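Enquirer: 3D model of this:
(chains A and B)
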Amino acid sequence: MARVTAPAPPHELPTVAPVADVLADLEWRGLLAQTTDREALAKELAAGPLTVYCGFDPTADSLHVGSLVPLLALRRFQLAGHRPIALAGGATGFIGDPTGRTTDRVMSSPEEISARVALISSQLERFLSFDDGPTGAVLANNLDWTAPLSVLDFLRDIGRHFPVNQMLARESVSARLESGGLSFTEMSYQLLQSLDFVELYRRYDCRTQIGGNDQWGNITAGLDLLRRTEQASGHALTFPLVTDSAGQKIGKSTGGGNVWLDPDLTSPYALWQFCLNVDDRDAGTYLRLLTFVGREEVEALDRATAERPFARAAQRRLADELVALVHGPAEVVRVQAASAALFGGGALDALDEPTLRAALSEAPSLVVEGESPPVVDLLAAGLGLSKSDARRAVKEGGAYLNNAKVADEAAVPSDEDWLHGRFLVLRKGKRNVLVVERPRS
RNA sequence: GGCGGGUUGCCCGAGUGGUCAAUGGGAGCGGACUGUAAAUCCGUCGGCUCAGCCUACGAAGGUUCGAACCCUUCACCCGCCA
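Expert: From the prediction side, this is the model:
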């Protein structure tokens, strides 16, 4: 059964001004790609609380920054006085959405999927408000109604409404037919998603589904089913699939990996740093899509970026907002202190021990007992480099001990180098910081 | 099944008996510039007990003083013919 209320979120949702006109809000943020009859939708939105859903398939152990686009959109609807439903795809994740794929997904085991659903659900909960009022959010799992369904019932009650010729015509399917075909399993994905829509309509009178623009086909398939089985009409609303100035999907780090919401996968510090390093051309876009910062302020930040790019006001604001949103306001303070200490230049020995310790808690660390090995060995062990790499770093002038360049490949930290007698701050290049710690003697 | 072409470092791709750890490009990394950005420039880019040594050019054997390069077998990929 879907859970209607959630346990207390780990941190307070940020207080954000209510949204007066959610469509207008989405529009200036660049979040509107397509909608069904927009005027009708606007009219319904104005008439009273509408229930809006968006699905999240458990494709990994965590949501990533890109997932915030639809997730925050749900929250935007909530702030505008509507009820959001976050749907975890325990069933659809089982099948795998063929959209945008060229080959069958590798199937994960049921255990893996249910574990992921649990992880993702707990993340989804944190961005919505689960009060008892008419706009209280709902967290659902489509496995709840899909698992008990028999094959025969499914084929007779659902499958019957799907003309194969239409299914084949859908972009997600036809693309795959061109590139070698797809299995019946994957082609069924749109049926499951449509079934979800109908089920949420029955349970919560949900008649609006939102999602990325690649979901348009799946969403409208659901609208068709809703019309056929329930004689109900609903709405679809999609967001553009935004790419950054380098053509990458939003929320990809420079290395190409995802920036995750799970602090164990992407630390708050790493998230903050990721934001700070966002290209000038993308900062405004990110602010619009990934934060609740209002229009006037975003546009002011756009101007600030144009006039004084080096100040990186937009990136800083983005970093603070996102870290607060994802990890809580307390983390922002810690992360700022860490960044200031590590990028502020010299004077590490001026920091008192608690501050230093807090600042460095985000960096990888290494514990050394007894005699200290040479700097090169510490770098290699702590940063996962080969010895040659570490040696090269020194040779190229890219190795630092307590913010001072290390010139000698054979350098060994001296007793005076240990800050407060306990810490060494090693660095390779600008960003790869390593903390070496030794037990209090 | 037959004939031909191919398999090189993270990716692309040169190299056809010694001067090959292997040209060039991309990615990555470091430096300079700067703003922890972009662009640009320079450097670097298998490992190590690092002026030397070890391991590497699909796999295994062979020829040779010496092989990524020649020969044999095997595996995989791509063409053409059945």
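Enquirer: residues near A:S129, how many?
Expert: Neighbour count of A:S129, defined by other Cβ atoms under 10 Å: 16. C-beta: built from backbone N, CA, C; applies to glycine.
Enquirer: nope, A:G136 is what I was after
Expert: Summarising burial for A:G136: neighbours were counted as other Cβ under 10 Å, giving 16.
Enquirer: roughly how far apart are it and RNA strand B?
Expert: Using Cβ to the nearest atom of the strand, to the nearest Å, A:G136 is found at 39 Å from RNA strand B.
Enquirer: and the closest residue to that residue other than its chain neighbours, how many neighbours?
Expert: Using Cβ to Cβ, 6 or more residues apart in numbering and skipping the chain neighbours, the partner closest in space to A:G136 is A:F130 (5.6 Å). The burial metric for A:F130, expressed as a neighbour count using other Cβ under 10 Å, is 18.
Enquirer: thought A:F130 was touching A:I85?
Expert: No: using Cβ atoms under 8 Å, A:F130 and A:I85 do not qualify as a contacting pair, with a distance of 11.4 Å.
Enquirer: contact residues of chain A facing RNA strand B?
Expert: Residues of chain A that fall close to RNA strand B, judged by Cβ under 7 Å from any atom of the strand: A:254-255, A:273, A:276-277, A:279-280, A:309-310, A:312, A:315, A:339, A:343, A:380, A:386-389, A:391-393, A:396-398, A:428-432.
Enquirer: and these, which of them are buried?
Expert: Of all these considered here, the ones buried according to neighbour count by 16 or more other Cβ atoms under 10 Å are A:273, A:276, A:312, A:315, A:339, A:380, A:391-393, A:428, A:432.
Enquirer: restricted to helices, list the residues you listed.
Expert: Counted as lying in helices by DSSP state H, out of these, are A:273, A:276, A:315, A:339, A:380, A:391-393.
Enquirer: tell me the pLDDT at the residue nearest to A:G136?
Expert: What the model reports as pLDDT for A:F130 is 93.
Enquirer: if you average pLDDT over stretch A:388-396, what comes out?
Expert: 92.
Enquirer: what does stretch A:41-50 give?
Expert: Per-residue pLDDT values across stretch A:41-50 average out to 92.
Enquirer: tell me which residues of it come out buried.
Expert: Neighbour-count burial for stretch A:41-50, with 16+ other Cβ under 10 Å as criterion, is recorded at A:41, A:44-45, A:49-50.
Enquirer: what's the farthest-apart pair in the residues you listed?
Expert: Within the buried residues of stretch A:41-50, two members stand farthest from each other by Cβ to Cβ: A:L41 and A:P49, at 14.1 Å.
Enquirer: find the nearest non-adjacent residue to A:A341, please.
Expert: Nearest one to A:A341, counting by Cβ to Cβ, 6+ apart, is A:A359 at 3.8 Å.
Enquirer: in which helix or strand does the one you found reside?
Expert: Secondary structure assignment for A:A359, by DSSP states H and E: helix A:353-360.
Enquirer: what sits up against that helix?
Expert: Applying Cβ atoms under 8 Å, 6 or more residues apart in numbering, the contact partners of helix A:353-360 are A:334, A:337-338, A:340-342, A:348, A:351, A:419-420, A:422-423, A:425, A:433, A:435.
Enquirer: redo that, cut-off 7 Å
Expert: Applying Cβ atoms under 7 Å, 6 or more residues apart in numbering, the contact partners of helix A:353-360 are A:334, A:337-338, A:341-342, A:351, A:419-420, A:423, A:425, A:435.
Enquirer: now these as JSON lines including secondary structure, neighbour count and pLDDT?
Expert: Conversion of those to JSON lines gives the following (DSSP: H, G, I helix; E, B strand; the rest coil; neighbours: other Cβ atoms under 10 Å; pLDDT from 0 to 100):
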{"residue": "A:R334", "secondary structure": "helix", "neighbour count": "18", "pLDDT": "81"}
{"residue": "A:A337", "secondary structure": "helix", "neighbour count": "19", "pLDDT": "77"}
{"residue": "A:A338", "secondary structure": "helix", "neighbour count": "24", "pLDDT": "77"}
{"residue": "A:A341", "secondary structure": "helix", "neighbour count": "21", "pLDDT": "73"}
{"residue": "A:L342", "secondary structure": "helix", "neighbour count": "22", "pLDDT": "75"}
{"residue": "A:L351", "secondary structure": "coil", "neighbour count": "21", "pLDDT": "71"}
{"residue": "A:L419", "secondary structure": "strand", "neighbour count": "19", "pLDDT": "88"}
{"residue": "A:H420", "secondary structure": "coil", "neighbour count": "13", "pLDDT": "89"}
{"residue": "A:F423", "secondary structure": "strand", "neighbour count": "21", "pLDDT": "89"}
{"residue": "A:V425", "secondary structure": "strand", "neighbour count": "24", "pLDDT": "90"}
{"residue": "A:V435", "secondary structure": "strand", "neighbour count": "23", "pLDDT": "89"}
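Enquirer: so which of those comes closest to A:A20?
Expert: For A:A20, the nearest member of the contacts of helix A:353-360 is A:R334. The distance, counting by Cβ to Cβ, is 34.8 Å.
Enquirer: ok, now which ones touch that closest one?
Expert: A:A358.
Enquirer: what separation do you get for it and A:L322?
Expert: When distances are taken as Cβ to Cβ, to the nearest Å, A:R334 and A:L322 turn out to be 15 Å apart.
Enquirer: check A:Y269 too.
Expert: According to Cβ to Cβ, A:Y269 stands 12 Å off from A:L322.
Enquirer: please apply the same query to A:S414.
Expert: Looking at A:S414 against A:L322, where the rule is Cβ to Cβ, the gap reads 40 Å.
Enquirer: which one of the two has more residues nearby?
Expert: Using other Cβ under 10 Å as the criterion, A:S414 and A:L322 rank with A:L322 on top: 24 against 9.
Enquirer: tell me the pLDDT at that one?
Expert: Listed pLDDT for A:L322 reads 93.
Enquirer: that one and A:W272: what is the separation?
Expert: 8 Å.
Enquirer: and A:V16, by the same measure?
Expert: Following Cβ to Cβ, the distance that separates A:V16 from A:W272 is 20 Å.
Enquirer: between these two, point out the one with more neighbours.
Expert: Just comparing A:V16 and A:W272: by other Cβ under 10 Å the higher neighbour count belongs to A:W272, 26 against 14.
Enquirer: contact partners for that one?
Expert: Shown in contact with A:W272 (Cβ under 7 Å, 6+ apart): A:319, A:323, A:335, A:339.
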